[in-house]
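[1] what's the 3D shape of this:
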Amino acid sequence: MEAVIFIGIQGSGKSTFYRERFFDTHVRINLDMLRTRHREKILFNACLSAQQSFVIDNTNPTKTDRARYISPARAAGCRIAAYLFKSSVRDAIQRNNQRNLKAKVPPGAIAATFKRLEPPSLEEGFDEIVTVEIAPEGKFLVTRTAPRSASAEQI
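    Numbers count the residues shown, from 1 in each chain. A predicted model of the protein is given here:
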């Protein structure tokens, strides 16, 4: 069972990446969709109980935000991967402006999340840290960094 925790500002490509990479294998846990932490916790606990792989598709900018998922996932025997989505505020706002009206986030909220962003570390309890960037041609550039290895791929 795998727990994947997305980390990144709004408009950095997290949900698109989920649809391309994890849609067929991992349950998506997303606060925007579930609306409350209570509902999020119910679905999170259901995944842990059922030993179902999942993705936490939220901004998760701080160590404290991520800790709420890491400890229970580790206790349930999950392999835990952090996916850090790197993006400039300008690029994220530009992508955000292409969203439909309901999905748009105020630009100030994107900038505020960027200021709070703490890069993930293995010391938090991650087994792997993956960095995701959007290349100029729109493809995802993925770099995996495990405790003893690193590699890069472009999709």
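
[2] Are we agreed that F23 is in a strand?
    No. Assignment of F23 by DSSP: H, G, I helix; E, B strand; the rest coil gives coil, placing it outside any strand.

[3] Would you state the predicted confidence (pLDDT) at the nearest residue to S121 once chain neighbours are set aside?
    Spatial nearest neighbour of S121, excluding adjacent residues (C-beta to C-beta, 6 or more residues apart in numbering): I129 at 7.5 Å. C-beta here means a position set from N, CA and C on the backbone, and glycine is covered the same way. pLDDT for I129: 97.

[4] host element of I129?
    Per DSSP states H and E: I129 is located in strand 128-134.

[5] Check which residues of the helix or strand following that strand are buried.
    Next helix or strand after strand 128-134 toward the C-terminus (DSSP H and E): strand 140-146. Neighbour-count burial for strand 140-146 flags F140, V142, T143, T145 (criterion: 16 or more other C-beta atoms under 10 Å).
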